[in-house]
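In: Model the following, please.
(2 chains)
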Protein chains: 2
Amino acid sequence: MCLFFLAVFLPRSHGKSFAHRSELKQAKRIVVKLGSAVVTRGDECGLALGRLASIVEQVAMLQNQGREMMIVTSGAVAFGKQRLRHEILLSQSVRQALHSGQNQLKDISVPVLEARACAAAGQSGLMALYEAMFTQYSICTAQILVTNLDFHDEQKRRNLNSTLHELLRMNIVPIINTNDAVVPPPVPNSDLQGVNVISIKDNDSLAARLAVEMKADLLIALSDVQGLYDSPPGTDDAKLIDIFYPGDQQSITYGTKSRVGIGGMEAKVKAALWALQGGTSVIIANGTDPKVTGHVITDIVEGKKIGTFFSEVKPAGPTVEQQTEMARHAGRALASLLPEQRGEIICCLAELLTEKKDEILSANRKDMELATATGRLSQPLINRLSLSTAKLNSLAIGLRQLAVSSGNSVGRVLRRTRVANNLELEQITVPIGVLLVIFESRPDCLPQVSALAIASGNALLLKGGKEASNTNKILHQLTQEALSIHGVADAIQLVSTREEVEDLCKLDKMIDLIIPRGSSELVRDIQRAAKGVPVLGHSEGVCHVYVDNEASMDKAIDVDSKCDYPAACNAMETLLIHRDLLRTPLFDQIIDMLRTEEVKIHAGPRFASYLTFSPSEVKSLRTEYGDLECCIEVVDSMQDAVDHIHKYGSSHTDVIVTENEETAEQFLQQVDSACVFWNSSSRFADGYRFGLGAEVGISTARIHARGPVGLEGLLTTKWVLRGEGHTVADFSEQGSMKYLHESIPVPQGHIN
Amino acid sequence: MCLFFLAVFLPRSHGKSFAHRSELKQAKRIVVKLGSAVVTRGDECGLALGRLASIVEQVAMLQNQGREMMIVTSGAVAFGKQRLRHEILLSQSVRQALHSGQNQLKDISVPVLEARACAAAGQSGLMALYEAMFTQYSICTAQILVTNLDFHDEQKRRNLNSTLHELLRMNIVPIINTNDAVVPPPVPNSDLQGVNVISIKDNDSLAARLAVEMKADLLIALSDVQGLYDSPPGTDDAKLIDIFYPGDQQSITYGTKSRVGIGGMEAKVKAALWALQGGTSVIIANGTDPKVTGHVITDIVEGKKIGTFFSEVKPAGPTVEQQTEMARHAGRALASLLPEQRGEIICCLAELLTEKKDEILSANRKDMELATATGRLSQPLINRLSLSTAKLNSLAIGLRQLAVSSGNSVGRVLRRTRVANNLELEQITVPIGVLLVIFESRPDCLPQVSALAIASGNALLLKGGKEASNTNKILHQLTQEALSIHGVADAIQLVSTREEVEDLCKLDKMIDLIIPRGSSELVRDIQRAAKGVPVLGHSEGVCHVYVDNEASMDKAIDVDSKCDYPAACNAMETLLIHRDLLRTPLFDQIIDMLRTEEVKIHAGPRFASYLTFSPSEVKSLRTEYGDLECCIEVVDSMQDAVDHIHKYGSSHTDVIVTENEETAEQFLQQVDSACVFWNSSSRFADGYRFGLGAEVGISTARIHARGPVGLEGLLTTKWVLRGEGHTVADFSEQGSMKYLHESIPVPQGHIN
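Out: Sure, this is the predicted structure:
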């Protein structure tokens, strides 16, 4: 083994290994190593066909993308075991039948099969299966059997090399296996005690050796472990290592006892480091998890965070996991500050925004120039990216207002109860914990959201768009500068633009709430990706304006609702009109006003049936147009409108236009949406317009926070009980105490 | 086609089809029909190997359970197409090379391949693949090629029948396909326009015919549609039909245009109904969804809600989807009642509990007898199942208290803002919507949770355990009786015990909040299963008691915390002891008290290092023992205790025992848990003890509700804005109005 790792006969002049997962997309030549646990079923007898087929599917896809794929596979032993067992049963039963004169199959015991015999018996079947599978993708395969020793003979090595190159040139996928029939008998080793298969080490080192020999860009080693852990998996603090640097090796504690685990893992790591040194990037990942098997290889090549990535380059900054830890820690310090101290930080940030405005604007200009040059952003997005002195000034004003109004947000007493004599209960407000805010384009989000997090004592991870990276960087630096006046600079972290949103959403247990600020698609994607972390946001805003038969003519609410800013989530999408209004002057006026604003009208089925020449019929009454388009539908009554809204709406914001107070109040009571308005534009559904100060977004969730969410949405509560040694046993039937449950007045006060 | 469906030569004397999905577990003989979309890839050229392999895996598993599996498969055409295309390319290029004298492959066009030729070319390869795959599970296969016409010839039919029976007897899986090489050329039909494959109808009717002929218990027809919809999929109101009765056929609108869809679907339904009439249960489901392919067949046989189940028996009651709709509708009426009316309902329920106590107790006795007879419940569970007159009386008292205290819960104004002149904003409390409460064993949950739902105006679905079904049934009847005094009986629904919890959790968009009441396992399972529906609950309660160096000797808080009810989530699991206390009388006293109560002690690593003869070391400091066991660990200081709690705790309830107020206040401030207590037992973390009246559970979530959750946790808010035609344009820079954002006082008042 040592001999092998010390061998230095390889030319290492080819490309360096990749520094970051995101570069893996460029990998051209890829070796996929399939461990025995991946290829075989739980009992190590018979192949795991489903897994194997989906691996072939992925390898074929990558090959057909123009990459050069090679497979190093186990499985011959398992295939052969399955086959031989069958044969032995058969031949034994025949023999028994001959001897005893009757056909009793009961007491036949299957002998322990020798691994090398199994390998020989299984090899042809395994290859036939691979070939049949790859044929389905018009891909030819070739069988290569080698042993580690073949690499020591210079001539053999050169022959192997040229054979493989010739196969790759002809678009053939080489399938490589150890020539198990001729290797020495398996030594029982501590890693695989009692398991009579060829030592796992062979295929790991074989794959590493082959990858370097063939100058492969990437070696993907799949087995039944998630990757490399910093301490034996299953112990209290074991963490999967995302990126492993050769220099980090001391930080790992290898266990001794586990089966596949750590002894085997140590050999895997050695092989991986050797390949890395030879210029091949390596990923060790789990190929047996049914949830990911179908896309584990393609996901790895796309740069997703799967398994452990071996890299020679150690990035300068902390990992996102470390950033989250730092944020939580500093966030707790932030939450323990006095309210005035948090206010000072926000005011300091406001000052920095005006003081350092030249630096901010110059960074912003860089982003703008890049965006214009690459031409990848539409004009509205470029507008949202741009900052100006005026924008910075109004940002600063907003921040100062927040600093003043947020005084008693954290630690406010909501409820006090005297549970018993000298046993007092308080419910107080506390920060939620660690927030992850994901925002697109608009860099002015950053100071706003940061100020809200500071005011509410929350730690914050910020993930901005690539297009605003320079602006976000300087704004984040200023935020940390402000935080540092009270020693809590780390409470707000800016996540590298290289991190995938999907990976961030999986940091459950580390993040308490995700707030996406951006398009509906972003929100929906994040809601899908978030595993166990709540997401605050709205994915759809299908808002209605219902014009009642008693509506007044001078209210242009529908036009303002639709046209003030059609792309907003609180813009009207469907206009519901009372049947009696059809062909009245009011109706004509409404249509004329929408026409003047060039709103494209789609007719709902009922509306269409009333018209001789109707506009195009709607595809779905649930459409969110997000543009100067809307649907018009006719309803029989206020009640009918409510039913329509419940059936097709998204419970965001719905409006009634009427002069009849009773009708209005019924509508306001019945409509089950976050915001319900009477005679006012749907566009008022907004934190600033509601007077909440800044807002983190609008929520259509039904729990926690609903509608525009300000500071209060970033707080939760905790229950504090102060006693004098009270036990619940004191309150049992035999006990000496009685529950009082007296309400004690709490100091009143609002926060905005 | 008609001929075929009218044929009545079959003996239908064998067993009836199953009435409910839960009975599918008993299916012995199963036909799995694989449509062309399942077996082939998107381009209908080449097989979808991953899917095929995982289907083989499932069929093999079921076969090895002793069932008799048969497969009706497509795929020969696709396999052959792939093969022939390759051959043609090759032969054309050879020809071209011969003619032109050079090797130009560019302009070779692949001719349209005739489906029957493809089928002939692909059949052998397809069968070889099936055989290779099944061999991995020690299962033999046999090839059967038939046409629908074969069933018309009595002799052929009998031959086929006896061949298949012989194969099944020998534990061989027959793989059946239409003999495509000899069927008439495919007629281009409207279902499969432009797709040159054998009409899908053949395999559907073939599978149905075969299933009935072989008296199969179940036919699983897999294709690329989810199942049968009540209107064309993709339209606004299209709903997947869970269970389809022959009598429901009129209620379905078949579309005309879609590709696989509805024409093909109509034929599928005809075939399914024909099989059903012949005594075979049928399920039409999607075999192409990558998320479920790996277990779609086994899930179906386990009775999970997948695709559309065809049943001849129409159950008496509504489906759970209909129940949910009814509940939401009646729930809205409940929410519009006056608070006094909701109070009347609760009081009425309280009265019924005492009035009808004989009936309740007799139903409860039935459940108890069954539970004792089957012996499947442990004694503690049986105790929790049992009701008594005393329990019913105290339930009634609790309900009456709730009726009184919940007066102003719904519609309470939390915030009022004058946004501008004549534009007033209110934030008011409203019900969350539809709650799903899942509870085990304890039937007294039912009236408690129902009363909370009524008081908060929420609709409620209740899912109780099988063991309490009789008790739950009568209690639910009484609840509906009480609700009916104000015409909202449907607001609370009891879900059939046959419904799987996992299926209920997937009713997203219909259910707003799931509340599991039961073991940690139940909560964890539900958190995993819930797709997009928030779950309120705690999955773990690792509670700590920290005994400070300034603790007083007479506080037996740790004993009460551990021993009062060790199985509760608020029981102490880890006792943290200040280092200075080791070997003091206080320490000895603590240990003695725990020993007296027979608490088994596990030592944390530091504690173990201080002892000469230590008890067993803990496996994990995060263990929830839930029994008379606990961990003891040593810490250096209060700060060290806080760090330990943050690292290993579950943020449920944590306690400090100290006489030093400053230390206590720091602990209370710093510990980031739902409940933090000073000198009081962790067992006080409970809705009743907190004075919240009834509780729906304890939440360790960090948003919405935290700690013990009473009425307030079942409410959310809505924003009501009343204007006089205000538009946001009025507030623009050119507009005439200015935001005021004046706070208007709101009436104060607590709800419990």
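In: Can you give the distance of the top strand by length along chain A from its chain's centre?
Out: For chain A, the strand reaching the highest residue count under DSSP state E is reported as strand A:715-726. Put simply, strand A:715-726 sits 35 Å off its chain's centre (CA atoms, centre = their mean, to the nearest Å).
In: what helices or strands is that strand leaning on?
Out: Counting contacts by 3 or more CB pairs under 8 Å, 6 or more residues apart in numbering or on different chains; DSSP states H and E, strand A:715-726 packs against strand A:413-420, strand A:423-431, helix B:661-670, strand B:675-680, strand B:707-709. Every residue, glycine included, has its C-beta placed from N, CA and C.
In: so where's the stretch 651-752 of chain A uncertain?
Out: A:748-752 (pLDDT under 70).
In: now do 50
Out: The model of the stretch 651-752 of chain A has pLDDT under 50 over residues A:750-752.
In: The stretch 101-250 of chain A now?
Out: The low-confidence ranges in the stretch 101-250 of chain A, as defined by pLDDT under 50, are A:103-106, A:187-200.
In: quick one: whatever residue of it ends up closest to chain B from B:L129, how far?
Out: For the stretch 101-250 of chain A, the residue closest to chain B is A:Q136, as judged by CB to the nearest CB, at 4.4 Å. Per CB to CB, to the nearest Å, A:Q136 is found 9 Å from B:L129.
In: Compare neighbour counts for the two and give me the winner.
Out: Set side by side, A:Q136 and B:L129 show unequal neighbour counts under other CB atoms under 10 Å in any protein chain shown, the larger going to A:Q136 at 25 against 22.
In: Go ahead and confirm that one touches B:L47.
Out: Yes. With contacts defined as CB atoms under 8 Å, A:Q136 counts as touching B:L47 at a distance of 4.9 Å.
In: Pull out the buried positions in the helix or strand hosting A:D643.
Out: Here A:D643, judged by DSSP states H and E, is contained in helix A:638-648. Buried residues in helix A:638-648, counting neighbours by 16 or more other CB atoms under 10 Å in any protein chain shown, are found at A:638, A:640-642, A:644-646, A:648.
In: before we move on, what about stretch A:412-432?
Out: Within stretch A:412-432, the residues scored as buried using 16+ other CB under 10 Å are A:412-413, A:415-420, A:423-432.
In: restrict these to those near chain B?
Out: With CB under 8 Å from any CB of the partner chain as the criterion, the members of those in contact with chain B are A:415, A:417, A:419, A:423, A:425, A:430, A:432.
In: So which of the residues you listed is the closest to B:M572?
Out: Minimum separation from B:M572 among those (CB to CB) is found for A:L423, which lies at 18.1 Å.
In: That closest one pairs with what?
Out: Partner residues in beta bridges with A:L423: A:A420, with DSSP bridges as the criterion.
In: Please tell me how far it sits from B:L582.
Out: According to CB to CB, A:L423 and B:L582 sit 30 Å apart.
In: Specify the local secondary structure of A:V282.
Out: Judged by DSSP: H, G, I helix; E, B strand; the rest coil, the three-state class of A:V282 is strand.
In: For it, give its distance to A:H295.
Out: Relative to A:H295, A:V282 is positioned 20 Å away (criterion: CB to CB).
In: Comparing those two, which shows the higher neighbour count?
Out: Neighbours were tallied for A:V282 and for A:H295 using other CB under 10 Å; the higher tally belongs to A:V282 (30 against 17).
In: correct me, but the more buried one touches A:L219?
Out: Yes. At 4.7 Å, A:V282 counts as touching A:L219 under the criterion of CB under 8 Å.
In: Find residues that contact each of these two.
Out: Residues touching both A:V282 and A:L219 by CB atoms under 8 Å, 6 or more residues apart in numbering or on different chains: A:208, A:211, A:272, A:275.
In: Those residues in helices, which ones?
Out: A:208, A:211, A:272, A:275 (DSSP state H).
In: Tell me which two of these sit farthest apart.
Out: Taking CB to CB as the measure, those reach their widest spread between A:A211 and A:A272, a distance of 9.9 Å.
In: neighbour count winner among the two?
Out: A:A211 (31 against 28).
In: OK, contacts around that one?
Out: With contacts defined as CB under 8 Å, 6+ apart, A:A211 is in contact with A:31, A:218-219, A:275, A:278, A:280, A:282.
In: Columns distance to chain B on top of the residues you listed, output as CSV?
Out: Below are the contacts of A:A211 laid out as CSV (distance: CB to the nearest CB, whole Å):
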residue, distance to chain B
A:V31, 21
A:L218, 22
A:L219, 23
A:A275, 28
A:G278, 33
A:T280, 27
A:V282, 25
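In: Where do the helices of the stretch 451-600 of chain A begin and end?
Out: For the stretch 451-600 of chain A, the helices defined by DSSP state H, counting those that start in this stretch occupy A:469-484, A:501-504, A:520-529, A:557-563, A:585-596.
In: between the ones you listed, which one is nearest to B:T372?
Out: Distance to B:T372, taken as CB to CB, is lowest for helix A:520-529 among the helices of the stretch 451-600 of chain A, at 46.8 Å.
In: Point out the residues in the stretch 501-650 of chain A that sit beside chain B.
Out: By the rule CB under 8 Å from any CB, the part of the stretch 501-650 of chain A lying against chain B is A:512-513, A:527, A:532, A:534, A:536, A:552, A:554-557, A:559-560, A:564, A:620-622, A:648.
In: Can you tell me the SS state at the residue nearest to A:A468 when sequence neighbours are not counted?
Out: The spatial neighbour of A:A468 that comes closest, neighbours along the chain excluded (CB to CB, 6 or more residues apart in numbering or on different chains), is A:P443 at 4.4 Å. For A:P443, the assignment made with three-state DSSP gives coil.
In: What residues does A:P443 make contact with?
Out: Taking CB under 8 Å, 6+ apart as the definition of contact, the neighbours of A:P443 are A:364, A:367, A:385, A:387, A:464, A:468, A:471-472, A:475.
In: hmm, try it at 10 Å
Out: Listed by CB atoms under 10 Å, 6 or more residues apart in numbering or on different chains, the contact set of A:P443 reads A:360, A:363-364, A:367, A:384-387, A:391, A:464-465, A:467-476.
In: what number of residues lie near A:L478?
Out: With neighbours defined by other CB under 10 Å, the count for A:L478 comes to 21.
In: now the one 4 residues further on
Out: By the other CB under 10 Å criterion, the neighbourhood of A:A482 contains 27 residues.
In: now swap in the one 5 residues further on and tell me
Out: Counted with other CB under 10 Å, the burial measure for A:G487 works out to 13 neighbours.
In: hang on, isn't it packed against A:H329?
Out: No. Counting by CB atoms under 10 Å, A:G487 stays clear of A:H329, with 11.7 Å between them.
In: got any residues that touch both of A:A211 and A:A272?
Out: With CB under 10 Å, 6+ apart as the test, A:A211 and A:A272 both reach A:219, A:221, A:280-282.
In: which one of these is nearest A:G264?
Out: For the shared contacts of A:A211 and A:A272, the closest approach to A:G264 (CB to CB) belongs to A:A221, at 11.3 Å.
In: Where does that closest one sit: helix, strand or coil?
Out: strand.
In: Verify the contact between it and A:I30 for me.
Out: No. Counting by CB under 10 Å, A:A221 sits too far from A:I30 to count as a contact (11.5 Å).
In: quick one: A:A275 from A:S281, how far?
Out: Taking CB to CB as the measure, A:A275 and A:S281 are separated by 8 Å.
In: Same check on A:K555?
Out: The gap separating A:K555 from A:S281 is 65 Å, by CB to CB.
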